[in-house]
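Engineer: The amino acid sequence is not available; the structure is as follows:
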């Protein structure tokens, strides 16, 4: 699923540049992605749009950056891990994401897998949340989102 998300980010500059679902499925199949993975990715993206709309409508006053501290429940900590939580806090402190985007990232990370999510996958989720909202991180943040921890060098997206 994450390979498809990265492919979509690389291929379509904005979400509205994506073809309709039927055409997108055909295109992704032609590129070589499996039907099950395509279905998972498109469902995940649909749920991303729903979550973004719901949170934005529920908490319109939270569009400014929050100065509160987010407390993570045990299930979130187990799934995310301290590295991912620290990275989310870093992004919020750097004003790359706001409080609503943070909650969307957490919700989508938990929805992506029932196991522990790697920091690399969390970075893809952050990128997709920003992409879905038509926002692009600045070049320094973009580089941070694609630095492989083992190599300490920027990795190729695809």
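Structural biologist: Perfect, thanks for sending it. From a predicted model like this one, the values you see are computed outputs, not experimental measurements. Numbers count the residues shown, from 1 in each chain.

Engineer: so where is this protein shaky, pLDDT-wise?
Structural biologist: By pLDDT under 70, the low-scoring segments of the chain are 59-67, 137-158.

Engineer: Spatially central, which residue of this structure would that be?
Structural biologist: Central residue of the chain (CA atoms, centre = their mean): residue 125, 1.8 Å from the mean position.

Engineer: Which element, helix or strand, includes it?
Structural biologist: helix 119-132 (DSSP states H and E).

Engineer: and what of residue 49?
Structural biologist: helix 35-58.

Engineer: what comes up buried for that helix?
Structural biologist: Within helix 35-58, the residues that qualify as buried are 38, 40, 41, 42, 44, 45, 48, 51, 52, 55, counting by 16 or more other CB atoms under 10 Å. To be clear about C-beta, it is placed using only N, CA and C from the backbone, and glycine gets the same treatment.

Engineer: What of stretch 130-137?
Structural biologist: Those would be 130, 131, 132, 133, 137, for stretch 130-137 by 16+ other CB under 10 Å.

Engineer: residue ranges of the helices in the chain, please?
Structural biologist: 2-11, 21-31, 35-58, 74-93, 99-112, 119-132, 139-145 (DSSP state H).

Engineer: Out of those, flag the one nearest residue 68.
Structural biologist: Taking CB to CB, helix 99-112 is the member of these nearest to residue 68, at 7.6 Å.

Engineer: The closest one - contacts with which helices or strands?
Structural biologist: helix 35-58, helix 74-93, helix 119-132 (3 or more CB pairs under 8 Å, 6 or more residues apart in numbering; DSSP states H and E).

Engineer: Now distance to residue 9 too, for those helices, in CSV please.
Structural biologist: Rendered in CSV, the data for the helices and strands packed on helix 99-112 read as follows (distance: least, CB to CB, whole Å):
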stretch, distance to residue 9
helix 35-58, 11
helix 74-93, 17
helix 119-132, 5
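
Engineer: who wins for proximity to residue 28 among these?
Structural biologist: Among these, helix 35-58 sits nearest to residue 28 (CB to CB), with 4.8 Å.
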